[in-house]
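Chemist: Fold the following, please.
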Amino acid sequence: MATENGSSAAPAVLALVVDSNATSRSILVAQLREYGVTRIVQCSRVQDARSRLEHTVFDYVLCEQYFGEGGYSGQTLLDDLRRAQLLPFSTVFFMVTTEASYAAVAEAAESALDGYLLKPFTPSALFERLSLARLRKVHLKPIFDAIEAEDFESAARLCVERFEARKPYWLYAARIGSELLLRLGRHDEARTLFEAVIAARALPWAKLGVARAQIESGQAARAITTLQELIGEDASFADAYDVLGRAQVELGNFSQAIETYRTASGLTPDSVVRLQKLGMMSYYMGDRETATKVLARAAILGIDSKLFDFQSLVLLTFSYFADNDRKGIERCIADFARILERHHGSERILRFAEVARALQLIQQRQFSQAVESVRRMAREIDSGGFDFEAACNLGSLLAVLAVTSIDLPESEGWVRMLGLRYANTRGLTELLANACSLHAPYGDLVRDCLQQINKTAEIAMARSLAGDPAGAVQSLLQQSEQTLNSKLLDLSQQILLRHGARVATAEPLQQAVDTLRHRVGSAPARAILGQESERRPGGVLLRVRKAADESRRMQEAPPPDALEPELAEPPDPAAALRLRPV
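Modeler: Below you'll find the model as predicted:
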């Protein structure tokens with residue numbers, strides 16, 4: 001069916017308009033009819049729209065971002081549909097809003113929208129956006145069919161083929177393909193693809209991709225050089241500062257990182273993610289005044305957003321404690337109580353709430369209860385679920401106790417356990433040491449642990465090179481069991497893989513490695529601020545939901561990655577992708 005301006009819509013195209021304002025709905029309906037859509041369903045409530053979408057596949061969904069109903073929004077609807085796998089790739093989903101803030105665009109992009117329409121817009125602008133979104137889905141369908149089947153190898157190959165043949169949306173395909181290659185651990189191939197895009201059309205996101213690939217392959221110093229060149233070309237490219245800050249944190253260059261995050265936050269003052277990075281870095285660098293101000297603002301702007309990392313609320317509680325701000329601590333406690341109502345049973349948030357409560361007890365001079373709380377946390381140090389984030393928070397608490405003149409004879413031993421488990425790289429060590437910096441001896445103790453771990457690794461490598469790989473692996477396993485240090489365990493695995501053919505006891509040693517892996521748990525390979533699954537600046541979101549019930553469990557986990565793609569073809573500044581299994 002053709003319209004006057006040449007736009008077309010296939011027969012029996014079905015659209016859904018979701019907006020609580022009757023006037024806005026009627027305007028959108030009229031514009032869609034002008035576009036050629038004759039079958040249009042209208043809903044004024046999110047609940048009604050959800051019910052419709054559960055039973056009907058729509059070609060287009062235009063949904064208002066904000067509703068008058070308490071707790072409901074277009075974003076809530078979209079998240080529910082994604083988690084329940086009720087929104088197929090064929091559906092074009094546009095969020096419609098009058099909100100133009102950075103935070104709103106970023107959160108919309110995180111949910112893999114096809115577009116973000118800012119009111120008011122003209123019919124011709126709407127037609128162009130809908131047509132481009134539909135056309136892109138048609139052209140890229142084979143790629144997304146492979147992605148939905150979790151055949152990432154084939155999807156990456158199709159992306160590279162489309163890029164090399166310069167088929168329609170070849171730049172978009174290159175971007176998807178590079179993300180898939182990074183996901184598959186093929187960092188060199190991803191970097192090569194990014195560099196090919198730069199050669200074909202020098203786009204900032206491709207140059208940023210080169211730096212991301214360099215970081216992923218352990219070349220953080222080279223990434224910094226790449227990023228500084230990129231910033232030299234475009235000093236307003238905020239995503240470049242995000243990645244630069246990440247590289248600087250990884251290398252332990254915290255004083256440089258805090259200035260980088262300060263610049264990024266200045267470019268986008270309402271960015272919840274960047275405010276949190278600046279606030280966290282300020283906290284670990286001892287700038288409590290900035291940390292309090294910035295983290296409080298992040299909480300005001302986005303505490304109910306998926307972009308908000310609840311670790312920020314923990315550090316805000318520490319900052320309020322340092323200022324002896326009783327009311328500030330009470331607000332944080334109340335916030336955690338409200339958050340736990342939404343994330344009932346989340347071990348991560350329960351741990352956060354306990355840290356905040358311990359600080360409140362110390363502030364109220366209820367020292368015996370505070371000490372008992374800290375002892376409960378310390379009993380978890382050697383558990384598989386005790387992560388680096390928990391180590392930093394416990395280290396900070398122990399430092400608070402030390403300067404509050406609360407004598408805990410076990411404290412030094414606990415700090416040593418934390419250091420031996422997580423002091424793997426300079427960046428990780430400095431982050432943990434800075435978390436304990438309120439009591440300087442604890443920070444020094446953590447740094448000493450890195451030297452001890454490195455010495456153990458050097459001795460094992462020398463033993464392996466001297467012709468005794470089995471002895472080296474056995475020594476590393478013994479030390480890994482004592483310290484729960486993942487670096488030593490990984491090294492034992494590397495030696496076993498390299499020399500297993502001439503190790504008579506290779507099989508039982510491998511079994512020992514596998515068994516110990518469960519106890520050691522997961523540890524970050526590099527220093528990070530906040531949760532591990534952080535937003536990948538400049539990237540395209542690639543996320544897989546295994547099943548709807550698992551998706552519901554994920555609501556208790558840290559917020560998923562977010563991004564703000566800067567696509568050159570077509571111009572969807574907040575477009576993103578979601579990977580779903582068939």
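Chemist: drop to CA atoms for contacts and neighbour counts, all remaining ones
Modeler: Fine.
Chemist: Can you give me the buried ones in the helix or strand where L476 lies?
Modeler: Counting by DSSP states H and E, the element that carries L476 is helix 469-483. For helix 469-483, burial by neighbour count (16 or more other C-alpha atoms under 10 Å) applies to P469, A470, A472, V473, Q474, S475, L476, L477, Q479, S480, E481, T483.
Chemist: ok, now stretch 140-151?
Modeler: The neighbour-count check on stretch 140-151 (16+ other C-alpha under 10 Å) flags L140, I143, F144, D145, A146, I147, E148, E150 as buried.
Chemist: now swap in stretch 342-357 and tell me
Modeler: The neighbour-count check on stretch 342-357 (16+ other C-alpha under 10 Å) flags H343, S346, R348, I349, L350, R351, F352, A353, E354, V355, A356, R357 as buried.
Chemist: nearest residue to I349 other than its sequence neighbours?
Modeler: Nearest residue to I349, sequence neighbours excluded (C-alpha to C-alpha, 6 or more residues apart in numbering): L340, at 7.0 Å.
Chemist: That neighbour contacts R348, doesn't it?
Modeler: No - with contact defined as C-alpha atoms under 8 Å, L340 does not reach R348; the gap is 10.2 Å.
Chemist: Which pair of the buried residues of stretch 140-151 spans the longest distance?
Modeler: Greatest spacing in the buried residues of stretch 140-151, by C-alpha to C-alpha: L140 and E150 (15.5 Å).
Chemist: Tell me which residues touch H499, please.
Modeler: By C-alpha atoms under 8 Å, 6 or more residues apart in numbering, the contact set of H499 is P469.
Chemist: I meant to write W414 there.
Modeler: Contacts of W414 by C-alpha under 8 Å, 6+ apart are A378, I381.
Chemist: residues of the host helix or strand of it that come out buried?
Modeler: Applying DSSP H and E as the criterion places W414 in helix 411-422. Under the neighbour-count criterion of 16+ other C-alpha under 10 Å, helix 411-422 has S411, E412, W414, V415, R416, M417, L418, G419, L420, R421, Y422 buried.
Chemist: Please identify which of those is nearest to R526.
Modeler: Nearest to R526 among the buried residues of helix 411-422 is Y422, at 10.4 Å by C-alpha to C-alpha.
Chemist: Next up, the contacts around the closest one.
Modeler: So Y422 contacts F388, L428, T429, N485, S486, A523 (C-alpha under 8 Å, 6+ apart).
Chemist: what about 7 Å?
Modeler: When contacts are counted by C-alpha atoms under 7 Å, 6 or more residues apart in numbering, Y422 touches F388, N485.
Chemist: what do you get for the one 5 residues further on?
Modeler: G427 makes contacts with V249, E250, L251, G252, R526, A527, as judged by C-alpha under 7 Å, 6+ apart.
Chemist: Between all of these, which two are separated the most?
Modeler: Greatest spatial distance in these: G252 and R526, 9.9 Å, computed using C-alpha to C-alpha.
Chemist: how about the buried residues of helix 411-422 in JSON lines, adding pLDDT?
Modeler: Formatted as JSON lines, the buried residues of helix 411-422 follow (pLDDT from 0 to 100):
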{"residue": "S411", "pLDDT": "94"}
{"residue": "E412", "pLDDT": "94"}
{"residue": "W414", "pLDDT": "96"}
{"residue": "V415", "pLDDT": "96"}
{"residue": "R416", "pLDDT": "96"}
{"residue": "M417", "pLDDT": "96"}
{"residue": "L418", "pLDDT": "95"}
{"residue": "G419", "pLDDT": "95"}
{"residue": "L420", "pLDDT": "95"}
{"residue": "R421", "pLDDT": "94"}
{"residue": "Y422", "pLDDT": "92"}
